[in-house]
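K.L.:
sharing a sequence plus its predicted fold:
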Amino acid sequence: FSLQAIVLVHWILTVWACLFTWLPTSYVLGNGSVLAVGVWAIAQRDSIDAVLLFLIGLAATILTDIVHFGLYYLTTANSPDLFRFSAGMAILSLVLKPVSCFFVYQMYRERGGEYNINFGKLMTKGPKDKE
């Protein structure tokens with residue numbers, strides 16, 4: 001799979017998930033900003049950081065999507081068809097995100113990323129920690 005296909009599929013599913021206004025604005029902003037980072041990763045073909053940030057964003061939106069669905073999913077016996085379609089597309093996007101994370105991680109490795117992600121100075125000992 002290509003990065004363009006992953007971004008396009010998640011963009012379409014996010015747009016379809018927002019056809020019915022049952023999700024809050026934070027869902028749109030969270031997923032939209034991650035997709036914007038995906039576009040950056042497409043544009044910067046040599047950037048390891050862009051792909052890594054896209055991977056971390058996808059992983060984070062898995063958790064935030066679960067929280068959004070848990071808090072805002074309300075169904076009744078007479079829910080409109082548009083709501084059911086919208087909720088189905090949001091759930092499909094959530095189900096596909098771990099698969100997308102796998103493929104984006106493979107792209108991260110192809111661009112020269114390490115197996116162990118190094119956060120640089122965040123993990124080194126500071127002056128106070130030296131013995």
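P.N.:
Good, I have the coordinates.
K.L.:
which stretch of helix or strand covers the most centrally placed residue in the chain?
P.N.:
Geometric centre of the chain, nearest residue: L58, 2.3 Å, by Cα atoms, centre = their mean. In this assignment (DSSP states H and E), L58 forms part of helix 48-72.
K.L.:
the residue nearest to the centre of the chain reaches V37, doesn't it?
P.N.:
No. The pair L58 and V37 does not pass the contact test of Cβ atoms under 8 Å, sitting 9.1 Å apart. For glycine as for every other residue, the C-beta is placed from the backbone atoms N, C-alpha and C.
K.L.:
the nearest residue to R111 once chain neighbours are set aside: what's it in contact with?
P.N.:
Spatial nearest neighbour of R111, chain neighbours left out: I48 (5.1 Å); criterion: Cβ to Cβ, 6 or more residues apart in numbering. By Cβ atoms under 8 Å, 6 or more residues apart in numbering, the contact list for I48 reads Y108, R111, G112, G113.
K.L.:
tell me the pLDDT of I48.
P.N.:
Model confidence at I48, given as pLDDT, is 91.
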